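Asks: 3D, please:
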Amino acid sequence: MMIWTSLCKSIWSSIKVKRYSLKVEQKSYLLPISTRNLDAWVRLAIAKGVEDIQLLLDRPYLASYVFPYQLLFQGSSSLKHLALCDCILRQPPPDFDGFNNLRSLSLSYVTLDQIFMAHLFSNCLLLESLKIKNCHGLSHLNIVGDRLSDLKLSHCGGIELSAPNLVSLEFCGDFSSIISVTTSPRLARILADVEGCVQQYILALHRFLSSRLFICNTGTEAIDYPKSAVT
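Replies: Now for the predicted structure:
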């Protein structure tokens with residue numbers, strides 16, 4: 001693996017790389033990948049000024065991977081898009097600024113905590129797209145973003161949302177987990193896959209309608225509403 005990493009480093013030294021994607025599946029028995037290997041790949045990507053990094057791991061195959069904040073302290077200003085699957089995001093160092101230029105963040109089956117989320121919304125002021133799917137360690141999710149326009153949430157609890165420029169919202173789970181919503185006059189598309197009993201859905205629908213938001217029926221059909229319907 002180290003020979004392969006060295007070869008790729010030699011190739012990358014002469015080309016411009018904008019996107020780096022690594023997918024490790026449970027069936028990838030022929031190419032063992034360690035935490036050390038993954039850190040080396042991330043280091044190469046950051047050194048090349050990559051704008052888009054995707055680390056899609058399979059935890060049953062790979063020991064839980066802790067995302068290496070220390071690799072982003074230098075040369076990380078180019079990172080604009082980050083997608084992580086099956087890894088751990090621990091509390092970032094107090095002076096960490098490696099995510100400050102993120103435009104989009106996708107987290108699937110990631111272990112994180114309230115401190116990380118607070119850091120994210122306090123420092124990632126350019127964030128426009130956020131996806132949180134089946135993540136662990138969050139009992140409450142307070143989403144704040146003046147530039148946030150696209151939001152995807154799956155099985156999150158205790159949601160408070162304040163995004164005045166939100167245009168598209170996708171939600172999967174129990175609507176009763178949504179505590180409060182600050183309405184967005186620009187919201188024109190909602191995709192809802194609702195869980196729970198009909199009574200819960202009706203109550204949640206009433207709460208959203210009273211907030212001037214419109215929800216599609218249970219299922220997976222997207223509805224694009226005219227702007228006049230949400231103003």
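Asks: Pull up the distance across stretch 179-187, start to finish.
Replies: With CA to CA, to the nearest Å as the measure, stretch 179-187 spans 18 Å from end to end.
Asks: D97 - how many residues pack around it?
Replies: Residues lying near D97 (other CB atoms under 10 Å) number 14. To be clear about C-beta, it is placed using only N, CA and C from the backbone, and glycine gets the same treatment.
Asks: Looks to me like it is in a strand.
Replies: No. With DSSP: H, G, I helix; E, B strand; the rest coil as the criterion, D97 is coil rather than part of a strand.
Asks: correct me, but it touches N123?
Replies: Yes. Using CB atoms under 8 Å, D97 makes contact with N123 at a distance of 6.7 Å.
Asks: those strands in this structure, which residues are they?
Replies: Assigned by DSSP state E, the chain shows strands spanning 19-23, 52-56, 81-85, 104-108, 129-133, 141-144, 150-154, 159-162, 168-174, 178-182, 189-195, 223-224.
Asks: in the first one, what's buried?
Replies: Neighbour-count burial for strand 19-23 flags Y20 (criterion: 16 or more other CB atoms under 10 Å).
Asks: which ones are touching the closest residue to G98 other than its chain neighbours?
Replies: Leaving aside its sequence neighbours, G98 sits nearest to L72 (CB to CB, 6 or more residues apart in numbering; 2.9 Å). By CB atoms under 8 Å, 6 or more residues apart in numbering, L72 lies in contact with 46, 79, 96, 98-99.
Asks: What does the pLDDT read for L72?
Replies: Here, the pLDDT recorded for L72 equals 78.
Asks: bridging residues for the closest residue to S64 other than its chain neighbours?
Replies: The shortest distance from S64 to any non-neighbouring residue, by CB to CB, 6+ apart, is to I88 (5.5 Å). Listed beta-bridge partners, I88: V66, T111 (assigned using DSSP bridges).
Asks: Just give the number of residues close to I88.
Replies: Counted by other CB under 10 Å, the residues lying close to I88 total 16.
Asks: That one: what's it in contact with?
Replies: If you count contacts by CB under 8 Å, 6+ apart, then I88 has 64-67, 110-112 around it.
Asks: again, but for L148
Replies: Going by CB under 8 Å, 6+ apart, the list of residues near L148 reads 127-130, 163, 165-166.
Asks: a markdown table for these, including pLDDT?
Replies: Formatted as a markdown table, the entries for the contacts of L148 read as follows, by pLDDT from 0 to 100:
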| residue | pLDDT |
| --- | --- |
| L127 | 96 |
| E128 | 97 |
| S129 | 97 |
| L130 | 97 |
| A163 | 90 |
| N165 | 91 |
| L166 | 90 |
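Asks: Would you mind confirming that T182 is in contact with L166?
Replies: No. With contact taken as CB under 8 Å, T182 and L166 are classed as non-touching, separated by 9.1 Å.
Asks: The two: which is more packed in?
Replies: Set T182 next to L166 and count neighbours by other CB under 10 Å: L166 wins out with 26 against 13.
Asks: Lowest mean pLDDT among the helices and strands of this protein, which one is it?
Replies: Across the helices and strands of the chain, mean confidence by mean pLDDT, DSSP states H and E is lowest for strand 223-224: a mean of 40.
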